[in-house]
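Colleague: any chance you can model this:
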Amino acid sequence: GCPDLEMSAVITMAAEEDPAVTEVESCEITQHVAEFIEKELGNDPKSLKKLPQITEELALYKKTLEEQVLTVSSEVPKKIENAFKNAENSKKLLNGIIKKEAILAESINNHLVTAQPLIEELKVSIGQIEEIERHLWYLKWISQIEELSDCIQQHLMTNSVSDAANTLVSMAELDIKLQESSCTHLLNFIRSTVKFWHKILKDRLTNDFEEVLKQLHWPLIGPQQVQAPALASVANSTELYNNLETLFIQLLKLQTSDELITKPKQLPEKYDIPLSVPIAIPIQLMLLPLQKRFKYHFSGNRQTNMLNKPEWYLTQVLMWIGNHTKFFEQRIQPIIDKTGSFLDARLEFSRGLVMLVLEKMSADIPRLLYDDNLFCHMVDEILLFEKELHSAHGYINSLPSCMHILSEETCFQKWLTVERKFALEKMDSVLSSEAAWTSQYKDIMDVDEMKAPDCAETFMTLLLVITDRYKGLPTAGRKLQFLELQKELIDDFRIRLTQVMKEETRSPLGSRYCAILNAVNYIAAVLADWADNVFFLQLQQAAIEACGETSNMTELQLGQLASLESSVFDIMIDLLERLRHDMLTRQVEHVFREVKDKAKLYKKERWLFLPSQSDQAVMSLSSSACPLLLTLRDLLLQLEQELCHSLFKSFWQMLAEKLDLFIYQDIILANHFNEGGSAQLQFDMARNLFPLFAHYCKRPENYFKQVKEACIILNLNVGSALLLREVLQATSGTMTDTTNIQQPTASAALNEIGIYKLAPQDVEILLNLRTNWPSSGK
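Modeller: Next comes the predicted model:
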């Protein structure tokens, strides 16, 4: 009963039952047994007393495992056997179902063969029944139409026109309901019936309505102050207006049937006039006398029908709209509101008159295409007409307008051509005028901030006028074409400015050169403002959609446009800003050369031999610096007068940067300084050069950082200078690893005395330019 023997027996049994037990696994079990014995018995001999108990427990555990193995080995075959039996049963059941299906299919086929003659007979019967039903429905529809027709006749015999109109509405609705039917004779019958009664009712109501209008002195031709007494003097005015209301409502009821039988008058498709509902019948009748007057005066060989006077018929239409506005608002609109309709009486009236204008334009334009002046005059008058029509009379953009006629391809291309031609002519005349390069506000400082010359102001006004002219175009595509024209004009004007500028390059400080620069700056600034305008933002969105469809732009460009990072004028603005920068740079270079030339004597100043500050009663400006500073002062004053504020600011800042570098490199680094020389340099810079720029900023020395800091180093007292040099030498003399640690010490020392721009190496060079060292410090 030794435990290791028991465990060996267990291992042997496992290996016999399961050949997959490998040698590696046996070694692992042996190791486990060894660990188990070590744990249970250890090194204590007394522990051997536990052996019987351990052996008994292991034997019991072995027996339990054997029973589990026997149980599993006996149950698995039973489960497999049961599954097999179930599969057999399912197979038998499926075979039974298949046999039944075959029998049933055969039975159905036999039944279908038997029933086929009956089916054919039933089909014939059903077809006959359906045909009879269609005939019955056909007769019912005819009966219903005849019944409605009889009703209308009875109502008319009893003078119940309103009831007759209501019945005609029902008949018209029935006509609409039957539109999908294939019974052409039925459709023709109901349409002819509707047409018959519609004509009778409309003629009867029209005669009565026109009689009422006649008593009201319609149309109201004179101005409203003349109309009022005339209307007030009408006898039985209350009864008259009641009759007007009754007849107006009855005529409105004929609208449905009128739309069925009357084909609306349309202009040719090339004008792309938006579809709109027909004008209400009573308003059509009110428009008739005005239409007759219009055609009488503005067609044929009448003296009032002149191609060069479109303003005559346009003004006439605006007068008619204005004269009748009050009547429609006070008398007609309340009648329409009572019917529950959403019609706007005044707008309907205006729409009818505008259609007269569109017809007239479509007839006249082909004759105007070959005369630029006449065509341009007509466009001007049309745009004025459109502006007043929308602003004064509330005409809405979705309705047909004159802009639809101007948008027709041939007419539109002519408009673009004429617009370009006259714009270029205007640019030529503006640039060649005597006042082209002077500002019209030059004597008014508050107004003349941009100092834009007259040619630039006129050009931008021209562009603004063009924008106003095409703003009312009905489609974004047409507006984008005008935007391209504007871009072309801007680029053309920029090229002209560049050409004039090249003629003036010999005198970049001259008034004309400065005026050109102001013009470039002004145009760029105005375009940048326009880029944020709602109208141009909408055009930007339209351009994105158009480019997305045609794939003319990269995804990056589309993304920039869509995110408003760029604008429709970006390319123009970039070109103008590049020109502005080139011109400013040329001016800065010219002034710098002038100043540099005057600085020759100052560069040769004997800085080593100047007396110290203590030896002078009063410090004064170096005589050699006077030409330099006088020239600089005069040129700054001159350009301040010529350039606008933003340009002059850029100019003096660019100039200050160049002067700072020049004085630092060519004067300071090129000389050595005794104590007097350092003090004199500091005085010349801080008390004379820097104040020249104090007119333009609060701290001019910040624009001369290298000079300012160099003066600080040169004027340090000897003790401070020695300490600073020691710190800098200690820093530069150390190894790379310690440099990283000690570098901040040098920077901190420099910052403490106000040195932020110059590097430690530059400061060492400047310290070496000093000659006022004690003998031990050299």
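
Colleague: CA atoms for contacts and neighbours, from now on please.
Modeller: Noted.

Colleague: show the subsequent helix or strand relative to the helix or strand hosting Cys711.
Modeller: Element membership for Cys711 (DSSP states H and E) is helix 705-714. Once the chain leaves helix 705-714, the next helix or strand it forms, by DSSP H and E, is helix 718-733.

Colleague: returning to that earlier point: from the chain's centroid, how far away is the helix holding Cys711?
Modeller: Relative to its chain's centre, helix 705-714 lies at 51 Å (CA atoms, centre = their mean, to the nearest Å).

Colleague: next: stretch 236-246.
Modeller: Stretch 236-246 has its average C-alpha position 54 Å from the chain's average C-alpha position, going by CA atoms, centre = their mean.

Colleague: contacts for it, please.
Modeller: Outside of stretch 236-246, the residues within contact range by CA atoms under 8 Å, 6 or more residues apart in numbering are Phe209, Val212, Leu213, Ile332, Ile335.

Colleague: mean pLDDT per helix and strand in this structure: which one sits at the bottom?
Modeller: Taking mean pLDDT, DSSP states H and E as the measure, the helix or strand of the chain with the lowest value is helix 3-17, at a mean of 47.

Colleague: and the next helix or strand after that one, what's its mean pLDDT?
Modeller: Toward the C-terminal end, the helix or strand that comes next after helix 3-17 (DSSP H and E) is helix 23-40. On average, the pLDDT along helix 23-40 is 73.

Colleague: immediately after helix 23-40, which helix or strand?
Modeller: Secondary structure here is assigned by DSSP H and E; on that basis, the next helix or strand after helix 23-40 toward the C-terminus is helix 51-157.

Colleague: next structured bit after that next one?
Modeller: Scanning onward from helix 51-157 (DSSP H and E), the first element met is helix 161-177.

Colleague: packing partners of that following helix?
Modeller: For helix 161-177, the helices and strands in contact under the criterion 3 or more CA pairs under 8 Å, 6 or more residues apart in numbering; DSSP states H and E are helix 51-157, helix 184-215, helix 237-253, helix 255-261.

Colleague: tell me the most packed of the contacts of stretch 236-246, by neighbour count.
Modeller: Counting neighbours by other CA atoms under 10 Å, Phe209 leads the contacts of stretch 236-246 with 22 neighbours.

Colleague: compare the helices and strands packed on helix 161-177 and give me the one nearest Asn674.
Modeller: Ranking the helices and strands packed on helix 161-177 by distance to Asn674, with CA to CA as the measure, places helix 255-261 first at 105.8 Å.

Colleague: in terms of secondary structure, what does the closest one contact?
Modeller: The helices and strands touching helix 255-261, judged by 3+ CA pairs under 8 Å, 6+ apart, are helix 161-177, helix 184-215.

Colleague: and the spatially closest residue to Leu621 that is not a sequence neighbour, what helix or strand is that in?
Modeller: Among residues not flanking Leu621 along the chain, Asp684 sits closest, at 5.7 Å (CA to CA, 6 or more residues apart in numbering). Asp684 belongs to helix 675-684 when assigned by DSSP H and E.

Colleague: and that helix with helix 718-733, angle?
Modeller: Regarding helix 675-684 and helix 718-733, their directions subtend 90 degrees when assessed with axes from the mean of the first three to the mean of the last three CA atoms, to 10 degrees.

Colleague: now do helix 675-684, average pLDDT.
Modeller: Mean predicted confidence for helix 675-684 is 94.

Colleague: what do you get for stretch 97-104?
Modeller: Here the average pLDDT along stretch 97-104 is 91.

Colleague: could I get that stretch in CSV with only the CA atoms?
Modeller: Listed next in CSV are the C-alpha coordinates belonging to stretch 97-104 (Å, rounded to 0.1, in the frame of the first residue of the first chain):
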residue,chain,number,x,y,z
ILE,A,97,-45.7,12.4,-46.8
ILE,A,98,-44.0,12.3,-50.3
LYS,A,99,-46.4,9.5,-51.3
LYS,A,100,-49.4,11.5,-50.1
GLU,A,101,-48.2,14.6,-52.0
ALA,A,102,-47.9,12.6,-55.2
ILE,A,103,-51.4,11.2,-54.8
LEU,A,104,-52.8,14.7,-54.0
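
Colleague: what does it contact?
Modeller: Contact with stretch 97-104 is made by no outside residue, as judged by CA under 8 Å, 6+ apart.

Colleague: same check, this time on stretch 298-314
Modeller: For stretch 298-314, the surrounding residues in contact (CA under 8 Å, 6+ apart) are Phe294, Tyr296, His297, Val357, Asp364, Leu368, Leu374, His377, Met378, Glu381, Ile382, Phe385.

Colleague: from these, pick the one nearest Leu406.
Modeller: Distance to Leu406 across the contacts of stretch 298-314 (CA to CA) is lowest for Ile382, with 9.2 Å.

Colleague: the closest one is in contact with Cys402, isn't it?
Modeller: Yes: at 6.9 Å, Ile382 and Cys402 qualify as touching, with contact defined as CA atoms under 8 Å.

Colleague: who has more neighbours, those two?
Modeller: In this comparison of Ile382 against Cys402, neighbours counted by other CA under 10 Å, the higher total goes to Cys402 at 24 against 21.

Colleague: quick check: nearest residue in space to that one, chain neighbours excluded?
Modeller: Leu358 (6.0 Å).

Colleague: show me what contacts the one you found?
Modeller: Taking CA under 8 Å, 6+ apart as the criterion, Leu358 is in contact with Ser401, Cys402, Ile405.

Colleague: how about 10 Å then?
Modeller: Taking CA atoms under 10 Å, 6 or more residues apart in numbering as the criterion, Leu358 is in contact with Leu267, Tyr271, Ile273, Asp364, Pro400, Ser401, Cys402, Met403, His404, Ile405, Leu406.

Colleague: hang on, isn't Asn671 packed against Glu605?
Modeller: Yes: the pair Asn671 and Glu605 passes the contact test of CA atoms under 10 Å, sitting 8.9 Å apart.
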